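I would like to see how this sequence folds:
(one chain, ligands or ions: 2)
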Amino acid sequence: MRILLIGSGGREHALAWKLAQSPKCEKLFIAPGNPGTAQHGENISLDTTNFEKVADFAVQEKINMIVVGPEDPLVNGISDYFYDHSDLNHIAVIGPVKAGALLEGSKAYAKAFMKENNIPTAGYTEITADNLEEGMDIIDKKTTPIVLKADGLAAGKGVLILLDEKAAKRSLREMIMDEKFGEASQKVVIEDFLDGIEFSVFALCDGENYKLLPTAKDYKRIGEGDKGLNTGGMGAVSPVPFVDEALMQKVEERIVKPTIEGLKKRNIEYKGFIYFGLIKVGNDPYVIEYNVRLGDPEAQVVIPSIKSDLVDLFEATANGKLNEIGIEKDSRSCATVVLVSGGYPEAYEKGKEISLPRETNDSIIFHAGTKTDDGLLKTSGGRVLAITSFDDTLKKALEKSKRLCDTIDFDKKYYRKDIGFDVLT
Ligand code: AMP
Ligand code: GLY
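Ligands and ions are numbered 1, 2, ... in the order given. Just a heads-up that it's a prediction; the model follows:
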């Protein structure tokens, strides 16, 4: 199998690390990849927004499978491009077609889809310039906090949770009339606020069947105790201690199965990951959001916790045969702690030299925002590295990761020391 993996973050390093372990992986290219992925395959520079160029490369290099890490190429139709060209459709693409990617690409679409399929989620109304006044009335009648979501992709910044009506009205007007998030906020979803604890469930889906991956919980705020600005994710744990069999059964019956049935009803052949961003309210799960990819940094705990061969799983995904294979999961606890550049998620400096320890014991160092410059490893992003460890308890896994974080050095390094604080028993 000759595989092309698209993406450049910690999630893609975890995927590259795992794919390269498969005896079936004959050659792995990563576009563009990072110094971490370069340990497992060949990084290539390729304009992945230009599908014609991706196709030319795939044909030239006799690629059999394309694995898409981030959502952008999916929302823009990379899978459709390969399915729709008869000379390309022998190449498997792991990631849904555009119609499936709308679950992440449009909040309004996702809400309507959930409503149609009776999938538990917060109540909502869609607002555009045409019914802005209705939006203002809804805000007046709602109890705070008020949740406003830009309809389209807004680089993870399109969700606002406002504590008073005045701020909510101002934000709604700015989103729609001033296009605060560009085109993405021409339409806004006003949602009921759900009070509970969040967790994530991932399914790999072949259009008909699915396999559930280990559960995970990520920590999005920059500060300890989940305070401060939202980030891409400061750490993650897997599996999630409070997600017991009873809760998981509700998730499967009320959310996972109706989602897959709903996609089939819409004639969407969904081959790829579905990320269910969930919240437990009382004892019941609700959907906060869908994503059409793996999470980052959730992938850095979920992927290493899968013992089965990932190329086997992806082949079965492409061939509609996930029902014919099993998925073996690691029984240990897994944690990842993300090292970031000081200042992130606001302005931060790049190009700081990174020193890595010689000995990592059995922890894994996943690269996110790194580059090599004159033979030296340097920072090149806000999230720099993710340190993943296993142990028989989550507490011990977290301690291992934090110990390794202390031995890694770069100027203005920061990491949260309290990842997992709310789920440790
Ligand atoms: P998202 O960018 O869609 O991941 O949303 C960001 C965060 O906003 C989520 O992780 C939740 O913490 C929060 N959130 C979104 N929708 C709701 C809701 N209806 N009720 C409570 N919190 C929400
Ligand atoms: N960690 C959140 C996400 O990947 O969307």
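
any weak-confidence spans in the stretch 1-150 of the chain?
By pLDDT under 70, the stretch 1-150 of the chain has no low-scoring segment.

could you pull out the helices for it?
For the stretch 1-150 of the chain, the helices defined by DSSP state H, counting those that start in this stretch occupy 10-19, 51-60, 72-75, 78-84, 98-105, 107-116, 132-141.

name the surrounding residues that touch the second one.
Outside helix 51-60, the residues that touch it by CB atoms under 8 Å, 6 or more residues apart in numbering are 4, 6, 29, 31, 44, 46-48, 63, 66, 73, 77-78, 81-82, 85, 87-88, 91. No exception for glycine: its C-beta is placed from N, CA and C like everyone else's.

same thing with the first one?
Where contact means CB under 8 Å, 6+ apart, the residues beyond helix 10-19 that reach it are 3, 5-7, 25, 28, 30, 33-34, 36-37, 39-41, 67, 69-70, 293-300, 303-304, 306, 310-311, 338, 364, 366-368, 383, 385-386, 388.

is it up against ligand 2 anywhere?
No - between helix 10-19 and ligand 2, judged by CB under 6 Å from any ligand atom, nothing touches; the nearest distance is 7.4 Å.

tell me how far that helix lies from the chain's centre.
13 Å (CA atoms, centre = their mean, to the nearest Å).

ok, the third one next?
In terms of CA atoms, centre = their mean, the gap separating the centre of helix 72-75 from the centre of its chain is 13 Å.

using PDB, write out every CA atom in that helix.
Extracted as PDB, the C-alpha positions of helix 72-75 are listed here (Å, rounded to 0.1, in the frame of the first residue of the first chain):
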ATOM      1  CA  ASP A  72     -10.600  21.900   5.100                       C
ATOM      2  CA  PRO A  73      -9.800  19.600   2.100                       C
ATOM      3  CA  LEU A  74     -12.900  17.500   2.900                       C
ATOM      4  CA  VAL A  75     -15.300  20.500   3.200                       C
END
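
so who does the residue nearest the centre of the chain touch?
Central residue of the chain (CA atoms, centre = their mean): Gly295, 1.9 Å from the mean position. Residues near Gly295 by CB under 8 Å, 6+ apart: Arg11, Ser200, Phe202, Ala216, Asp218, Gly233, Ala236, Tyr275, Val302.

helix, strand, or coil at it?
Using DSSP: H, G, I helix; E, B strand; the rest coil, the secondary structure recorded for Gly295 is coil.

Gly182: neighbour count?
12 (other CB atoms under 10 Å).

check Asp195 too.
Neighbours of Asp195 using other CB under 10 Å come to 9.

how much space separates the residue nearest to it when sequence neighbours are not counted from ligand 2?
Closest residue to Asp195 apart from its sequence neighbours, by CB to CB, 6 or more residues apart in numbering: Val281 at 6.5 Å. As defined by CB to the nearest ligand atom, to the nearest Å, Val281 lies at a distance of 20 Å from ligand 2.

these two touch, right, Val281 and Glu198?
No - using CB atoms under 8 Å, Val281 is not in contact with Glu198; the gap is 10.4 Å.
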